[in-house]
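Asks: Dropping the sequence and predicted coords here.
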Amino acid sequence: MHAKDILIEGYGRIQEEVHAAVEGLGPDGLNARPADDANSVAWLVWHLTRVQDDHVADAFGLDQVWLSGKWDERFGLGLPRHDTGYGHSSAKVAKVRVDSAGLLTGYYDAVHEQTLGALRSLAAKDLERIVDENWDPPVTLGARLVSVLSDDLQHVGQAAYARGLVQSAAS
């Protein structure tokens with residue numbers, strides 16, 4: 001198995017978990033916050049998708065799907081166009097309200113397809129390319145892709161947990 005195949009497998013797991021975290025939830029379940037300042041399932045999935053979209057597009061010189069696919073308009077969140085949710089206050093988290101699981105999975109699936117296309121183009125030597133010199137040591141493409149994978153898995157796990165809390169409270 002080549003490194004790109006491992007990455008493709010890993011990103012495929014994120015897609016499976018994103019769908020599992022949101023499918024069957026209506027607006028109340030998607031937007032419920034298990035505690036006053038907690039993140040909702042919708043915010044967690046939106047955020048992990050925005051981070052993947054932003055970071056993968058930047059690393060490969062691609063347009064963000066959020067903008068090119070007009071997902072920013074479809075979501076209509078009233079946030080800056082390039083906002084990824086990083087450092088959001090409780091008030092900004094509350095702005096991320098979604099009416100359907102299909103909107104979240106539609107955006108995630110579009111980002112996933114762009115990510116897979118980028119990953120399929122990789123050669124082993126590409127993973128050593130520096131993509132961010134703002135860190136010491138500078139960040140390689142390989143490190144960035146693993147970082148996004150890790151971050152996304154953590155957030156989708158949080159979304160699954162938040163889903164369980166919301167569903168338990170509703171029972």
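Replies: Cool, got the structure.

Asks: in this structure, which spans are helices?
Replies: 3-22, 27-31, 41-60, 65-68, 71-75, 90-95, 101-120, 141-170 (DSSP state H).

Asks: so which of those is the most packed in?
Replies: Among the helices of the chain, helix 41-60 has the highest mean neighbour count (mean count of other C-beta atoms under 10 Å), at a mean of 24. C-betas here are computed from N, CA, C, even on glycine.

Asks: Just the CA coordinates for that helix, please, in CSV.
Replies: C-alpha atoms of helix 41-60 as CSV (Å, rounded to 0.1, in the frame of the first residue of the first chain):
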residue,chain,number,x,y,z
VAL,A,41,-23.4,18.7,15.6
ALA,A,42,-24.0,21.1,12.7
TRP,A,43,-21.2,23.4,13.8
LEU,A,44,-18.7,20.5,14.3
VAL,A,45,-19.4,19.0,10.9
TRP,A,46,-19.4,22.4,9.2
HIS,A,47,-16.1,23.3,10.9
LEU,A,48,-14.3,20.1,10.1
THR,A,49,-15.4,20.4,6.5
ARG,A,50,-14.3,24.0,6.3
VAL,A,51,-10.9,23.2,7.7
GLN,A,52,-10.4,20.3,5.2
ASP,A,53,-11.6,22.4,2.3
ASP,A,54,-9.4,25.4,3.3
HIS,A,55,-6.2,23.4,4.1
VAL,A,56,-6.4,20.9,1.2
ALA,A,57,-7.2,23.7,-1.3
ASP,A,58,-4.3,25.8,-0.1
ALA,A,59,-1.9,22.9,-0.1
PHE,A,60,-2.7,21.9,-3.7
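
Asks: Run the angle between that helix and helix 3-22 for me.
Replies: Here helix 41-60 runs at an angle of 160 degrees relative to helix 3-22 (axes from the mean of the first three to the mean of the last three C-alpha atoms, to 10 degrees).

Asks: quick one: helix 41-60 to chain centroid distance?
Replies: 3 Å (C-alpha atoms, centre = their mean, to the nearest Å).

Asks: Repeat that for stretch 33-47.
Replies: 13 Å.
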